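K.L.:
What would the 3D arrangement of this be:
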Amino acid sequence: MRPHKLNRSMVASFALALGLAGCAAAGGAGMGGGSANELLAADFTPDMQVLTLYQAVQRLRPAWLRGRGGQSPRVYVDGVMRGGLDELEALRVDQVQTAERMSPADATTRYGTDHGGGVIFIVLRR
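P.N.:
I've put the predicted structure just below:
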């Protein structure tokens, strides 16, 4: 292969890699900002007029509330399993620093079949 054609090929490959990296970095931001699997304290704006984390998730990430195979997602608060979706009703949005969702497939792989509905991890403000 000629040197100038090789350089064009390398430049084109580099440009493609940069473009794909940019798409991956932007990944899946939807309503509420951040990624589709994360909510931050900044996402809970006063104009939302919600008080509980359940109401906020219902508005911003409704897919988080649907489990798989009849199982509801498990809720962990500060690393401790607390129960099901009713735990989200017990938390006010002003208490929450972050909320993150683990898919049912990943949760089953990591925690076992009793986590078939997925997991919602909550980190409270200190």
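K.L.:
Just the pLDDT for the most centrally placed residue in the chain.
P.N.:
The residue lying closest to the centre of the chain (CA atoms, centre = their mean) is N37, at 1.0 Å. The model reports N37 with a pLDDT of 91.
K.L.:
Next, find the distance separating it from P46.
P.N.:
Distance, N37 to P46, by CB to CB, to the nearest Å: 24 Å. In this view, the C-beta of every residue, glycine as well, is placed from N, C-alpha and C.
K.L.:
Same question for stretch 106-122: list its buried residues.
P.N.:
Under the neighbour-count criterion of 16 or more other CB atoms under 10 Å, stretch 106-122 has A107, T108, H115, G116, G117, G118, V119, I120, F121, I122 buried.
K.L.:
so what pLDDT did the fifth one get?
P.N.:
Translated: G117. 94.
K.L.:
show me what contacts it?
P.N.:
Residues counted as contacts of G117 (CB atoms under 8 Å, 6 or more residues apart in numbering) are G67, R68, G69, Q71, S72, P73, R74, P104, A107.
K.L.:
Then Y76?
P.N.:
Y76 neighbours (CB under 8 Å, 6+ apart): R82, V119, I120, F121, I122.
K.L.:
A strand includes the third one, no?
P.N.:
Yes - judged by DSSP: H, G, I helix; E, B strand; the rest coil, I120 forms part of a strand.
K.L.:
bridging residues for it?
P.N.:
V75, R101 (DSSP bridges).
K.L.:
Please tell me how far it sits from P46.
P.N.:
Taken as CB to CB, the span from I120 to P46 is 23 Å.
K.L.:
again, but for the first one
P.N.:
Relative to P46, R82 is positioned 26 Å away (CB to CB).
K.L.:
In terms of neighbours, single out the busier of these two.
P.N.:
Of the pair R82 and P46, R82 is the one with more neighbours under other CB atoms under 10 Å, namely 16 against 8.
K.L.:
With adjacent residues omitted, what lies nearest to that one?
P.N.:
Using CB to CB, 6 or more residues apart in numbering and skipping the chain neighbours, the partner closest in space to R82 is V75 (5.2 Å).
K.L.:
cool, and Q95?
P.N.:
L124 (5.4 Å).
K.L.:
wait, doesn't the one you found sit right on Q97?
P.N.:
Yes - contact criterion CB atoms under 8 Å: L124 and Q97 qualify, at 6.2 Å.
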